[in-house]
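**Student:** just a sequence and a predicted model for now, questions to come.
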Amino acid sequence: MSARRVLFTPAALALGAALTLTACGADGGGAAQPAKPDRSSQTAVAASPGTAADPAAPGAPGAPAAQPAAAAPGPGTPSAAAPTGTARPRNPVVPATGGTAAAGGDEAYAYTHPCKADKLTVRVTTRAGAPDQRVIEVHNQGAAYCGLSYYPLVAIGKANAADRGPGVTPLVPGGLGGPPAHPLAPGRSTYAVVDLNPGSGGSGDWDQLNVLADDGMPNADLRTFPLGAGAKVGKQPKLGLYRENVADAAASAATAGQG
């Protein structure tokens, strides 16, 4: 796999103490930006993360409502101040199940039509029963299939950092291969889980999660979310692949750093 792209978030983007953990989608170093692998939108809840249950399928009861990615600038919304990142090769992708042909195309259509930020909503919540895990939900609010990278680009940083350091970049699963994109059907959601503190004794120095839903998106589409009060971040957080439900996404995160 090619080297993962590293993004740098300007301090201006990191400001905003009232960042919400729940933004459009399911269930800290410098003001970090995600490290891009080979190949976003939120709701105010002060500093208290929402909680996401593991749905059997997208849209399960109790899942917070997604909000449009085109929200006004602020926490969880794009920032035009974000600089251009380095070259980013696409990572490999695990396909979602299903995918019957429709007016909006099918999975094959998604492989050649990358998802656009203005057609997605992204939100982050705390996984029910797992306070160290954050669920990233990406919802396709468009009318056609589109393709995502195998996993979102994620970095953990500090909201009040003055520099543009990369912060903490989570480990990801290795040995990937397959279709050129993770297909996302119109009206459907996909999930990725970040385990902030897989071991124990993590630090409370980090307070912000920076997310790009797809590794081909520009830095301007970066979304930022607060980790919430009392969050602990270990030395080697883990990020899993996109999956159709939270339980499978968490199982994928457990394999990060292997293979």
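**Tutor:** Yes, it's here.

**Student:** buried residues, stretch 233-247. List them.
**Tutor:** 233-234, 236-247 (16 or more other Cβ atoms under 10 Å). Heads up, the C-betas are built off the backbone N, CA and C, glycines and all.

**Student:** and stretch 244-257, by the same measure?
**Tutor:** By neighbour count, and taking 16+ other Cβ under 10 Å as the criterion, the buried residues in stretch 244-257 are 244-250, 252-253, 255-256.

**Student:** same question for stretch 119-134.
**Tutor:** Using 16+ other Cβ under 10 Å, the residues of stretch 119-134 that count as buried are 119-127, 130-134.

**Student:** quick one: end-to-end length of it, please.
**Tutor:** Stretch 119-134 has its terminal residues 22 Å apart, counting by Cα to Cα, to the nearest Å.

**Student:** avg pLDDT for that stretch?
**Tutor:** Per-residue confidence for stretch 119-134 averages out to 96 on the pLDDT scale.

**Student:** again, but for stretch 159-179
**Tutor:** Within the predicted structure, the mean pLDDT of stretch 159-179 is 82.

**Student:** as PDB, could you dump the C-alpha coordinates of it?
**Tutor:** Coordinates of each C-alpha in stretch 159-179 appear next as PDB, following Å, rounded to 0.1, in the frame of the first residue of the first chain:
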ATOM      1  CA  ALA A 159      -8.800  22.300  19.300                       C
ATOM      2  CA  ASN A 160      -6.700  25.200  20.700                       C
ATOM      3  CA  ALA A 161      -3.400  24.200  19.100                       C
ATOM      4  CA  ALA A 162      -1.400  27.000  17.600                       C
ATOM      5  CA  ASP A 163       0.600  24.900  15.100                       C
ATOM      6  CA  ARG A 164      -0.500  22.500  12.300                       C
ATOM      7  CA  GLY A 165       1.000  19.300  13.600                       C
ATOM      8  CA  PRO A 166      -0.400  16.000  12.500                       C
ATOM      9  CA  GLY A 167      -1.400  14.900  16.000                       C
ATOM     10  CA  VAL A 168      -2.200  11.300  16.500                       C
ATOM     11  CA  THR A 169      -3.000   9.100  13.500                       C
ATOM     12  CA  PRO A 170      -4.700   5.800  14.200                       C
ATOM     13  CA  LEU A 171      -3.600   2.500  12.900                       C
ATOM     14  CA  VAL A 172      -5.600   0.900  10.100                       C
ATOM     15  CA  PRO A 173      -6.100  -2.600   8.900                       C
ATOM     16  CA  GLY A 174      -3.400  -3.900   6.500                       C
ATOM     17  CA  GLY A 175      -3.300  -6.300   3.600                       C
ATOM     18  CA  LEU A 176      -6.200  -4.700   1.800                       C
ATOM     19  CA  GLY A 177      -7.300  -5.300  -1.700                       C
ATOM     20  CA  GLY A 178     -10.400  -5.500  -3.800                       C
ATOM     21  CA  PRO A 179     -12.700  -3.200  -5.700                       C
END
